[in-house]
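Engineer: My questions concern the predicted model and sequence given below.
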Amino acid sequence: MAEKLPDHIPSLDLADFRSGDPTRKAKFVQELGDAYESIGFIALKNHGLNEQHTKELYADVQEFFQLPDQAKQSYEVPELAGQRGYISKGKEHAKGRNTGDLKEFFHVGQEVLDENDPVKNDYPANIWPREVPRFEQSTMKAYRTLEAAGKDVLRAIALYLKLPENYFDDKVQNGNSILRPIHYFPIEDPDAVPADAVRAAEHGDINLITLLMGASADGLQVKRRDGQWISITALPDQIVVNVGDMLQRLTNGVLKSTIHRVVNPPREKMNTSRYSIPFFMHPRSEMSLAALPHLVTADNPKKEADITAGEFLNERLIELGLKKK
């Protein structure tokens, strides 16, 4: 019988995992694993961000992106390969493409509070825009909230993979995660941009998992295994959580890092802004992404060479045009 392919992504409730009720927790783990083996995406509620904080965060992000380009570019530091601060319009392109995406964005990274953790010296300092004094507070609050939600999703994934629940805990402690407020800027004259330019060309995410705020806006599409693109919209109180390439590699392809894109709006709406805020959950750079031994079988032979998370990230930053060889 032909496999039934999903035409939407499942909706899950993180409160089930956090409830302390073994039945609710086990149901969450199973539904999450099923989704990640098939479509690679879920919508998630009760993730910890409330309506008020979300509203304040978007207000601060919009205030920054409405600054003149010259002001924003003062927070762009090319030597950091886009790891902190502002990344200007059209700088990033998808792997295998040369045309830049129709977006600009800002990167907020890990703040290591443990003075004894040597990783503190590996990360560049965050860059904060002086013109938006609340930006640091609201983005770091979102960073910490999404990081906590991500840790619980990874605990559920560990249980699904028959690993100890805390398998990922030390690997993501002070991990190299990034919060990325994105502005898909208005296009006043659609004829003036390259014919193949889109808001975000089709791509897979680099990291372990991505937690995305802003998927309630139109434009996000996910590529099903049969090649069909399906539109993803989440409810305002949901975030979208998807598998990244690192997790696919670690699980030897058992969990799917699904190709996705953000398509341009209809021509008459090209002159409108779209905002979204993904949290890219990365482990520490030394984490091995070698396929987990119990997921390498006769039916599922090893697919990828061993590599660390840091090495893999470096490779991909070069491919995305953010870092020079």
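Structural biologist: Cool, the structure landed. Numbers count the residues shown, from 1 in each chain.
Engineer: Just give the nearest non-adjacent residue to Asp152, would you?
Structural biologist: Spatial nearest neighbour of Asp152, chain neighbours left out: Phe17 (5.7 Å); criterion: Cβ to Cβ, 6 or more residues apart in numbering. Glycine gets a C-beta too; all of them are placed from N, C-alpha and C.
Engineer: so when I look at that neighbour, I'm seeing a helix, right?
Structural biologist: Yes: applying DSSP: H, G, I helix; E, B strand; the rest coil, one finds Phe17 inside a helix.
Engineer: how near is it to Pro78?
Structural biologist: Distance, Phe17 to Pro78, using Cβ to Cβ, to the nearest Å: 41 Å.
Engineer: returning to what we had before: what residues are up against the residue nearest to Asp152?
Structural biologist: 24-25, 28-29, 152, 155-156 (Cβ atoms under 8 Å, 6 or more residues apart in numbering).
Engineer: top of these by neighbour count?
Structural biologist: Counting neighbours by other Cβ atoms under 10 Å, Phe28 leads the contacts of Phe17 with 25 neighbours.
Engineer: which element follows the helix or strand containing that one toward the C-terminus?
Structural biologist: Following DSSP states H and E, the helix or strand that holds Phe28 is helix 22-38. Using DSSP H and E, the helix or strand that follows helix 22-38 in sequence is strand 41-45.
Engineer: Tell me which strands that next one pairs with, and in which orientation.
Structural biologist: Strand pairing for strand 41-45, determined by DSSP bridges: strand 11-13 (parallel), strand 239-243 (antiparallel).
Engineer: Save the ones you listed as a markdown table, and put in mean neighbour count too.
Structural biologist: A markdown table is the format used below for those (neighbours: other Cβ atoms under 10 Å):
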| stretch | mean neighbour count |
| --- | --- |
| strand 11-13 | 18 |
| strand 239-243 | 27 |
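Engineer: Pick out the residue closest to the middle of the chain.
Structural biologist: Geometric centre of the chain, nearest residue: Thr210, 3.1 Å, by Cα atoms, centre = their mean.
Engineer: ok, how many other residues are close to Gly85?
Structural biologist: Gly85: 23 surrounding residues under other Cβ under 10 Å.
Engineer: Check Asn126 too.
Structural biologist: Neighbours around Asn126, by other Cβ under 10 Å: 17.
Engineer: sorry, back to before: quick one: the residue nearest to Asp152 and Leu161, what's the gap?
Structural biologist: Remark: distance between Phe17 and Leu161 (Cβ to Cβ) = 15 Å.
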